[in-house]
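Student: give me a model of this one.
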Amino acid sequence: MSGESDTTEKMTAALRKAGIRVTRQRVALLGVLAEADDHPDAVELHERAKLIEPSVSLATVYRTLSVLEEGGVVHRHAFKGGGARFETTHEEHHDHILDVDTGEVIEFQSDKIEQLQDQIARELGYEVVHHRLELYCRKIR
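Tutor: Residues are numbered from 1 along each chain as shown. Predicted coordinates for the structure are as follows:
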C-alpha cells in the first residue's frame with residue numbers, strides 16, 4: 001500500500017469513528033492532505049480541494065480538520081506570526097525551521113538534538129513524552 005493511500009485510509013477511518021460521513025467533498029480534502037508536502041493552512045487546503053471538487057465549503061474543511069486532529073491523524077501547527085497550518089501524522093518525528101522572510105517551512109531531523117533533549121530531561125528527572133521544536137531563521141546572505 002502506498003504512503004498516500006495508507007494516510008487517506010487512516011483519515012477516512014478517523015472520520016468514520018467520529019461519526020462523520022465521508023462525502024465527495026471530504027474525499028477531495030483527504031486526497032489533498034495526503035499529497036501535501038508543505039504545511040498548508042485551511043484556506044490553502046480549501047482552494048486545492050475545490051480544484052478537485054468545486055462544491056467543497058470552507059466550513060467542511062474546518063470541521064474535517066478538527067475531527068482529524070482530534071483523531072490524531074493530522075497535526076495542527078500554530079507557527080508564530082501566522083495562522084494554523086496542517087500536516088498528516090504519517091511521517092516520523094521531525095522539527096521545523098521557519099524562514100522569517102519567506103514564510104517557508106523546512107522540515108528536519110537531528111539525532112543530536114533528540115539526544116540532547118533526552119539528556120537534559122533526564123538530568124532534571126524527567127522523560128520526554130512529546131516535544132515540538134520550531135526554529136525561526138533568516139537565510140545567511
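Student: remind me which helix or strand the most centrally placed residue in the chain belongs to.
Tutor: In the chain, the C-alpha nearest the mean C-alpha coordinate belongs to Glu87, at 1.6 Å (C-alpha atoms, centre = their mean). Following DSSP states H and E, one finds Glu87 within strand 85-88.
Student: mean confidence for that strand?
Tutor: For strand 85-88, the mean per-residue pLDDT is 82.
Student: packing partners for it?
Tutor: Contact analysis of strand 85-88 by 3 or more C-beta pairs under 8 Å, 6 or more residues apart in numbering; DSSP states H and E lists helix 24-35, strand 74-77 as its packing neighbours. C-betas here are computed from N, CA, C, even on glycine.
Student: show the contacting residues for the most far-flung residue of the chain relative to its centre.
Tutor: Most distant residue from the mean C-alpha position of the chain: Glu123, 31.2 Å away (C-alpha atoms, centre = their mean). Taking C-beta atoms under 8 Å, 6 or more residues apart in numbering, we find Glu123 in contact with no residue.
Student: sorry, back to before: okay, the helices and strands packed on strand 85-88, which one's buried deepest?
Tutor: helix 24-35 (a mean of 20; mean count of other C-beta atoms under 10 Å).
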